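J.: Show me the folded form of this:
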Amino acid sequence: MTQHTGHPADSKDSANAAQSADSAASAASADSAVVDALLERSHRLGADPRNTNYAGGNTSAKGTGTDPVTGGTVELVWVKGSGGDLGTLRAEGLAALRLDRLRALTGVYPGVEREDEMVAAFDYCLHGKGGAAPSIDTAMHGFVDLPTWTTSTPTPGSRWHAPRTARN
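T.: Next up, the predicted model:
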């Protein structure tokens, strides 16, 4: 049993433990084979700095999970969370979002001049508690009609990096 001394670090540790437990529960109620394959793919890509820089790139996978309220099956997308590193990514570093809610955002999209405002709406699409904050690329991962999606942010000078040239 944990003893609390009233020190702020005690409540922070308890909150972090609760968040990890919530994340694990969310992942456990999900299609664990999909999450495991996503983590393995992320680690392969992130293991070589020539593929992507630290905290760069993004991976996602779609599958199903259990709605914690209704017990019904829901379609989900797991996306590497904002600022996470592909090479060391864990299930807690994924943002799990309901696809029905994410796709519904097209009905309230204010247009390209205000599209950055949509990132805050991703929080209303999250599935369960815990997990990582959704990245700015979350919508792309949800809307691409593929079961998995990977993007990389190559390090300058790597085999994948193609410098842009200015055009007049």
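J.: Do a quick rundown of the strands in the protein.
T.: 58-66, 73-80, 94-98, 148-151 (DSSP state E).
J.: Quickly compare those strands and say which is most buried.
T.: The highest mean neighbour count among the strands of the chain, using mean count of other Cβ atoms under 10 Å, belongs to strand 94-98: a mean of 25. From N, CA and C alone the C-beta is placed, and that goes for glycine too.
J.: circling back: between the strands of the chain, which gets nearest to Thr88?
T.: Thr88 lies closest to strand 73-80 among the strands of the chain, at 11.0 Å (Cβ to Cβ).
J.: Tell me how far the closest one lies from the chain's centre.
T.: Per Cα atoms, centre = their mean, to the nearest Å, the displacement of strand 73-80 from the mean C-alpha position of its chain is 9 Å.
J.: So in that sheet, which strands flank it, and in what orientation?
T.: Here strand 73-80 has these sheet partners by DSSP bridges: strand 58-66 (antiparallel), strand 94-98 (antiparallel).
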